[in-house]
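J.: Show me the folded form of this:
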Amino acid sequence: MAAVAIAQPVRAQFDAIAQDARSGALGGSFVFDPGGRCVSIGYRANYLQEGMADKSLRLQLPVAAVGTVVAGYRHHGDAVYHEQHLAMGYAMRVSDRVTVGVAGRYLHVGAADPHYDPQQWLAASALLRASLGRTTLTLWGGTRPWDDRQPWRMHLQAAYRPVSPLLTVIEVEQEERWRLRMGMEYAYRNTVFLRAGAATHPTVLTFGIGMRMKQYAIDLSAEVHSTLGLTPHTSLTLWF
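T.: Now for the predicted structure:
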């Protein structure tokens, strides 16, 4: 869908700004699209736990003819624990085939417990995207100063369109162990989008639907965790 973005707390900053219900339906694969002026809001109920949810707001603005600025805010948590993410990224098309980008994020973690000292970090990431015919290769990664065991993370993704309405995505994510994500999206008249995907470690299955109506789009998705159960996710995007 054109409603792609440049928030999930443990991932790199670009997808940290842009994780929406579309990504959720594609096995969590972050599909980067640097174009379009839009604002998006999202809500994700984590495994249907009472009060534990993600709320996000994202603004994307083109700059001149080759650049895009994306800013986002994301709140994760409940009445006891919370994470607040404030991120900003800039992507620039350096040629017809190549896009590069940088991003930064401020992360604040707090809790209702008065004995817990709030913590905060700054992180950075970079992105490289190359289009080769019907295939797009994307490499991105960033620092994770809040995690002593894994202070950085890398992703490599290949997106392929065998025919115009069909998008296939496969992504390898390096964390404490390698994780594989994959997804497919079928567009019917560029109005209705059917999606499905999966991921490993832990095993999750995902599916969703998107609807585009002129300058509006709504995306719905669900993630089924092998142990924890269901996580619904919705996002609404407006182009202006």
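J.: dump the residue contacts of Leu26.
T.: Applying Cβ atoms under 8 Å, 6 or more residues apart in numbering to Leu26 gives the contacts Val169, Arg181, Met182, Gly183, Met184, Glu185, Arg195, Gly197, Thr206. Bear in mind the C-beta positions are built from the backbone N, C-alpha and C, glycine included.
J.: For the nearest residue in space to it that is not next to it in sequence, identify the helix or strand it belongs to.
T.: What sits nearest to Leu26 in space, not counting adjacent residues and going by Cβ to Cβ, 6 or more residues apart in numbering, is Gly183, at 2.8 Å. Under DSSP states H and E, the secondary-structure element containing Gly183 is strand 178-188.
J.: Name the residues of that strand that come out as buried.
T.: Applying a neighbour-count criterion of 16 or more other Cβ atoms under 10 Å, one finds Arg179, Arg181, Met182, Gly183, Met184, Glu185, Ala187 buried in strand 178-188.
J.: Who are the contact partners of Tyr160?
T.: Applying Cβ under 8 Å, 6+ apart to Tyr160 gives the contacts Arg134, Thr135, Thr136, Leu167, Thr168, Val169.
J.: Need the three-state assignment for the most far-flung residue of the chain relative to its centre.
T.: In terms of distance from the mean C-alpha position of the chain, His115 ranks first, at 33.1 Å (Cα atoms, centre = their mean). Remark: His115 carries the secondary structure label coil [criterion: DSSP: H, G, I helix; E, B strand; the rest coil].
J.: thinking again about what came up before, among the buried residues of strand 178-188, show me the least confident.
T.: On pLDDT alone, Arg179 ranks lowest of the buried residues of strand 178-188, at 90.
J.: how close does it get to Asp20?
T.: Between Arg179 and Asp20 the distance, using Cβ to Cβ, to the nearest Å, works out to 20 Å.
J.: Backbone dihedrals for the residue lying closest to Val66 once chain neighbours are set aside, both of them.
T.: Take Val66 and drop its neighbours on the chain: the residue closest to it by Cβ to Cβ, 6+ apart is Arg93, 4.5 Å away. Listed backbone geometry of Arg93 is phi -80, psi 110, with angles given as degrees, to the nearest 10.
J.: Arg93 touches Val63, doesn't it?
T.: No. Proximity of Arg93 to Val63 does not meet the contact threshold set by Cβ atoms under 8 Å, at 10.8 Å.
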